Structures are given as C-alpha cells and as structure tokens.
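Participant: Task: produce atomic coordinates for the following.
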Amino acid sequence: MVHQALTLARPEGNPAGGRGLALFYVEVRGDDGALHEGIALNRLKDKLGTRKVPTAELELVGARATAVAGTNEGVRAIAPMLNVTRTWNAVVAAAGMRRGLALARDFARRRAAFGGPLASKPLHVETLADVQAEQEAAFHLAFRAVELLGREEAGASSSPRAAALLRLTTPLAKLATARQAVAAASEILESFGGAGYVEDTGLPRLLRDAQVLPIWEGTTNVLSLDVLKTAARDGAADAFAEDVAEVAAAATDADLAAAGRVALRAVDDARAWLARTAAAAPAALEAGARRFALTLARALALALLARQGQWSRDREHDGRAAVAALRFARHGVAPGAGFGPADADAPADADADRMLAEAAALGNDTPLVH
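Facilitator: Here you go, the predicted model:
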C-alpha cells in the first residue's frame, strides 16, 4: 500500500509551462491506512492489462504537501526519479520478451506438426530467431542504461559528458525496448496458434501487459521529443556518438566490425539530419523525432550486440551471440525495420545451410560452436 508519493503541482502565481511546476512530497495515508484529508479516490481504472497493479485516479484538494526542491523547476527536480522508472520500464520490457520466448520454445519442443516438433521446423525457428535477436538487443540496451545510472548514483561518473550520456540514453532505452516488447509479444502469441488467443492459457496477458510499456513513463512521441531536445544541447549528441564508437570498436572480426560500422553510419546520418533540419525546417524536425530517436537507440543496441558477439566468440568460443548481432543488423537500424526485410548496409550471408544452423541455434537458444 502506498503511503507517500512525489507529485508535480503549480504554486499560485507561478508561470505556465514546465518551469512553473514544483515538486512536492505528499503523505497519502496515515498509519491506520486511511487516506489523509484532502485526498479523494475517484475511481480505480479499468485497464487493458497490468490488472494486478491497481491504478487509481486521485483528486488532491487542500491536501498537505511539502516542497522538495524549491517552488519551481519541478520537472528538473523529478528527473532523477524518471531515470529510475524509465530504466525499470526498459528492464521489464526485456524480461517480458525473455519470458515469452521461454514459453514459446517450450511449446515448440512439445508441439508436433508436419511430421515433427515445431522446434525442428526451419520457418518456426527462423521466426523465433528474429524475436531472440530483438530480445538480446533490448537486454543490452536496457542494461546499458542500468550501467550508466549505476555509475551516476555511485559517483563513479560525475562529468558533464557522463550526465549528458545518461540523459540521452535513458529515454532511448525506454522507448525502443517498449516497442520491441509489444512486437515480440504479438509474434510470440502467434507462434502458439489459436492457443495464443485463448484466455485460459494465460498467453493473451503477455500482450496486454506489454502494451503498457510504450505508454507508462512517457509515450514514444513524448520521449522522442525529449531526445530531440536533449541531443541539441549539452554535448549529448557528441557524447552519444563517442559512446557508440567506443562500444563498436570492441568488435574486431570482419563481420562484427561491419555491423559496428552500420551502427556508426546510422548515428552519423541521424546527426547530419538533425543539424540540417533544425536550421531549415523546424516542423519537419518535430515530425522526424520518432525516426531520429529509434535510429539512435537501435544503433547503440547494434554496437552493444556486436561487442558481446566478439566477447562470446573470444571467451566462450560460442558464435550464437554474434549470430544475434548480425541478424539484428539485417533487421535494419532505421525505424520501421522491425522483424522485416534486411537492411541493404547490413552484413549478408549467402550460405543457406549455415544460415539454417544459425537460426536453429538462435531460435532454440543453444550454443553455436565457433
């Protein structure tokens, strides 16, 4: 039960806009569990999903509150908490994708069709391999945000560059992983056939619960505008480009290095678009914010995957992580690629037998001896 909360409110006489808001601490309930005076519960919301996490509509009229950090600039004051909740959202997205894949793989091993288990069918494992590549990208992107947040909270990274990198990476991780989670949940339900659409299997809940992830803690459009604003100031775009370059440099094998170059080109193209459009067409700048943000997010994810693929080859002698990186590159870094056709710049592979073996390893989550 929630007993205290942070909320934004506008003190009397403050100007309109975000700068006029202040951050307040509110004690919601007393020791007896009853709502404090001035706090009214209007309703519990009937939501699509996350029904075990009740969401209430409260009305605060005359409630006692304490200003936390002055009586203005509340949005800035609450930003550290938003970093935590948005990072949490990204971790939940990656975890939900992993859970869905575990269920889909178990079903594929047990369900026989067309003369054998689904886990042995090339098209089925190809589909799961596509989702797995996206899941691994979401995992690495989410935990890059975790790493940056942890460094900041531990005082290990206090430079302006580190702050700018955290400020830009956090909304990127949240918005990209949230959309990946919804697409993955839909694909996973489909992999079960009709059972994926029947409530008593528990599977539809995966999709219902995933759908909140692009909505909570800022929608894709809201966060894209935040990314656009952040990238245009405080050296954030430079810090981000340097970070992607440093990560990608760890991939030294020819195929993974090529994937890293795809990531670097995407970041360079996005930054060039930002500089060109900001001066010439402000309306087009806003219209392209989502494409800009998703390109940066997927570029960083690809660089992280390429680095992990190199590490796994060198340390574990396992090529499965590299396969995930190369498959993600073929999905495309620019938005709209999703689980679709290959990106023209991505590393290609014409060896059909090898591609089938790689898809089986990725789709069934088994090692691939390198």
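Participant: Please make it C-alpha for all contacts and neighbour counts, starting now.
Facilitator: Noted.
Participant: for the stretch 101-250 of the chain, what spans make up the strands?
Facilitator: 112-113, 116-117 (DSSP state E, counting those that start in this stretch).
Participant: what helices or strands is the last one leaning on?
Facilitator: Read that as strand 116-117. For strand 116-117, the packing partners by 3 or more C-alpha pairs under 8 Å, 6 or more residues apart in numbering; DSSP states H and E come out as helix 74-110.
Participant: Spatially, and excluding backbone neighbours, which residue is closest to the most centrally placed residue in the chain.
Facilitator: Nearest residue to the geometric centre of the chain (C-alpha atoms, centre = their mean): residue 177, 2.1 Å. Distance criterion C-alpha to C-alpha, 6 or more residues apart in numbering; nearest residue to residue 177, sequence neighbours excluded, is residue 138 at 5.2 Å.
Participant: what residues are up against that neighbour?
Facilitator: Residue 138 is in contact with 90, 93-94, 173, 176-177, 180, 301, counting by C-alpha atoms under 8 Å, 6 or more residues apart in numbering.
Participant: what packs against the helix or strand of the chain with the lowest mean pLDDT?
Facilitator: The helix or strand of the chain with the lowest confidence, counting by mean pLDDT, DSSP states H and E, is helix 352-363 at a mean of 82. Where contact means 3+ C-alpha pairs under 8 Å, 6+ apart, helix 352-363 is packed against helix 122-154, helix 320-331.
Participant: Pick the most deeply packed of the ones you listed.
Facilitator: helix 320-331 (a mean of 27; mean count of other C-alpha atoms under 10 Å).
Participant: CA atoms only: put it into PDB for me.
Facilitator: What follows is helix 320-331, C-alpha atoms only, in PDB (Å, rounded to 0.1, in the frame of the first residue of the first chain):
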ATOM      1  CA  ARG A 320      25.400 -17.600 -31.000                       C
ATOM      2  CA  ALA A 321      25.700 -14.000 -29.700                       C
ATOM      3  CA  ALA A 322      27.400 -13.000 -32.900                       C
ATOM      4  CA  VAL A 323      24.600 -14.500 -34.900                       C
ATOM      5  CA  ALA A 324      22.100 -12.400 -32.900                       C
ATOM      6  CA  ALA A 325      24.100  -9.300 -33.700                       C
ATOM      7  CA  LEU A 326      24.300 -10.000 -37.400                       C
ATOM      8  CA  ARG A 327      20.600 -10.900 -37.600                       C
ATOM      9  CA  PHE A 328      19.700  -7.700 -35.700                       C
ATOM     10  CA  ALA A 329      21.800  -5.700 -38.300                       C
ATOM     11  CA  ARG A 330      19.800  -7.300 -41.100                       C
ATOM     12  CA  HIS A 331      16.600  -6.200 -39.400                       C
END
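Participant: Which strands and helices lie in contact with that helix?
Facilitator: Counting by 3+ C-alpha pairs under 8 Å, 6+ apart, helix 320-331 packs on helix 122-154, helix 254-280, helix 289-311, helix 352-363.
Participant: per-residue confidence averaged over it?
Facilitator: Here helix 320-331 scores 97 as its mean pLDDT.
Participant: Can you give the distance of that helix from its chain's centre?
Facilitator: 18 Å (C-alpha atoms, centre = their mean, to the nearest Å).
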